[in-house]
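**Student:** Show me the folded form of this:
(one chain, ligands or ions: 1)
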Amino acid sequence: EAVGPQEYTALKLLVKEWAPEAGAAIKGKVPEGANVYFVPATLRPETMYGQTCCFVGPKIKYGVFKVSEEEFYVITDRAARNMAYQGIFPKNGVYEKVAELVGSSCVGTLVHAPLSVHKEVRILPMESVLPTKGTGVVTSVPSDSPDDFATVTDLAKKADYYGIKKEWAELEIVPIISTPSYGDLAAPFLVKKLKIASPKDVKQLEEAKELAYKEGYYQGIMKIGEFAGEKVEVAKPKVREQLIKNKEGFAYSE
Ligand code: A2H
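**Tutor:** Numbers count the residues shown, from 1 in each chain. Alright, predicted model coming up:
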């Protein structure tokens, strides 16, 4: 775990179609036609080409916060409070919650994922999302995140149990970064190599995460997007700046 402040990239995933329960909960509270975004916080903006879904904690409570008449963010209260002091809402220190949503009610919502080869992805449940970190929303990149790969594998395996459609968890996992030690799908490679059977194998997942992160950052080469062929170290800040410039994301720290 890093000591100093974490510099996240917050990404804006526009809601295209609400899951019925969440849609009912925001009705009359968010103006018709306004844009509502799920806003995951990531440390790996250069991997956003490989998003296949976006996770919420099923038991976590989220707020729908007003940024302007046209724009609303789904994040935890805690993240909204932090953002209010980072110039993200119109008035410093002030944040306005217009509705509340429990994570489980959002499952199945269809969102647009900026940069992803999959233009539209589903909101899916992840038990290990911490309400005390980032925005409480985690975008899923199973090619490069062992946690994400273990979770989508489990979701597909037990789709009925989770009350989701299997195909929502089975979007194609495309290579984003090539690495000398783990090939071009580092997370699936490491999950297999460390014999990780489910998201409950927390200890091995911690190790896989560490290995994937170091290898990807220091040895990785981009395989996709505008910066294909460049070192991850070099491409990472460029992808971040591009997302921010295009208003598909913004800087968030804690
Ligand atoms: B990362 P750190 Cl490809 N609960 O983004 C659990 N995990 C969370 C979270 C929360 N509330 N908020 C953010 N995260 C995840 C991409 C990624 C990430 C890849 C590889 C590794 C990786 C796609 N998921 O993270 O504890 C988010 O997932 C491994 C470090 O603040 C975020 O970046 O260091 C990362 O954990 C932030 O973790």
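
**Student:** what ranges do the strands span in this protein?
**Tutor:** Using DSSP state E, the strands of the chain run over 7-11, 13-17, 35-38, 41-42, 53-56, 61-66, 71-75, 96-102, 110-112, 120-125, 137-140, 177-178, 221-222, 249-253.

**Student:** Could you dump those into a markdown table and include mean neighbour count, mean pLDDT and distance to Pro237?
**Tutor:** C-beta: built from backbone N, CA, C; applies to glycine. A markdown table is the format used below for these (neighbours: other CB atoms under 10 Å; pLDDT from 0 to 100; distance: least, CB to CB, whole Å):
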| stretch | mean neighbour count | mean pLDDT | distance to Pro237 |
| --- | --- | --- | --- |
| strand 7-11 | 22 | 97 | 10 |
| strand 13-17 | 18 | 98 | 21 |
| strand 35-38 | 22 | 98 | 23 |
| strand 41-42 | 24 | 98 | 13 |
| strand 53-56 | 27 | 99 | 23 |
| strand 61-66 | 22 | 98 | 27 |
| strand 71-75 | 24 | 98 | 24 |
| strand 96-102 | 16 | 98 | 32 |
| strand 110-112 | 20 | 98 | 24 |
| strand 120-125 | 22 | 98 | 25 |
| strand 137-140 | 27 | 98 | 19 |
| strand 177-178 | 24 | 98 | 15 |
| strand 221-222 | 21 | 98 | 13 |
| strand 249-253 | 19 | 98 | 11 |
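
**Student:** Get me the contact residues on the stretch 1-150 of the chain for the ligand.
**Tutor:** Contacts of the stretch 1-150 of the chain with the ligand, taken as CB under 6 Å from any ligand atom, map to 2, 6, 41-44, 47, 129-130, 133-134, 136, 138-141, 144-145, 148.

**Student:** try 5 Å this time
**Tutor:** 6, 42-44, 47, 129-130, 133-134, 138, 141, 144-145 (CB under 5 Å from any ligand atom).
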